[in-house]
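Visitor: Let's see this in three dimensions:
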Amino acid sequence: QVQLVESGGGLVQPGGSLRLSCRASGPTFRSYAMAWFRQAPGKERDFVAVISQNSDSPTYADSVKGRFAISRDNALNTLYLQMNSLKPEDTAVYYCAAGSGRSEVSRMYYYWGQGTQVTVSS
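Guide: Presented below is the predicted three-dimensional model:
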C-alpha cells in the first residue's frame with residue numbers, strides 16, 4: 001500500500017511558475033512509475049506527465065511539453081512537477097499516481113493522491 005500526498009498548488013498569474021510535490025509513504029516508492037494527471041471542472045481526468053522508476057524517458061502531454069518538467073527523488077520518496085509559463089487553461093486539480101509501468105492511461109495506476117488545486121488567473 002502506498003499513500004500519496006500532493007502539495008504546492010495555489011493561485012498564480014499567467015506566465016508564472018509553481019512546483020508541485022507528491023510525497024509517498026512506505027519503502028516501495030522506487031518500485032513504481034509515477035505520473036501526474038489533472039482534472040478541470042466538468043472535464044475528464046487528463047494525463048500530464050509520467051516518469052519511470054529510474055527517471056528514464058519522461059513523457060509529457062503535448063499541451064505541457066516544453067513548459068512542465070517531471071522529476072523524482074527516490075531517496076526522499078517524492079515526485080515533483082515544475083510548471084513554468086502557466087496559462088489559464090492549466091487551471092485544474094492536479095493528482096499524482098503510482099503504477100507498475102509508464103502509461104498515459106489513468107486506469108493503469110493503482111494509487112492516487114487527494115489532489116492539489118492549481119488556479120492560473122490574473
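Visitor: right, and Asp90 touches Met83 too?
Guide: Yes - checked against CB atoms under 8 Å, the pair Asp90 and Met83 is within contact range at 6.9 Å. The C-beta positions use only the backbone N, C-alpha and C, and glycine is treated the same way.
Visitor: tell me, what's touching the two both at once?
Guide: Taking CB atoms under 8 Å, 6 or more residues apart in numbering as the contact rule, Asp90 and Met83 both touch 64, 118.
Visitor: More neighbours: which of these two?
Guide: Neighbour totals were compared for Asp90 and Met83, and Met83 leads with 26 against 22 (other CB atoms under 10 Å).
Visitor: What residues are bridge-paired with the residue minimising distance to the centre of the chain?
Guide: In the chain, the C-alpha nearest the mean C-alpha coordinate belongs to Trp36, at 2.5 Å (CA atoms, centre = their mean). Beta bridges link Trp36 to Ala49, Cys96, judged by DSSP bridges.
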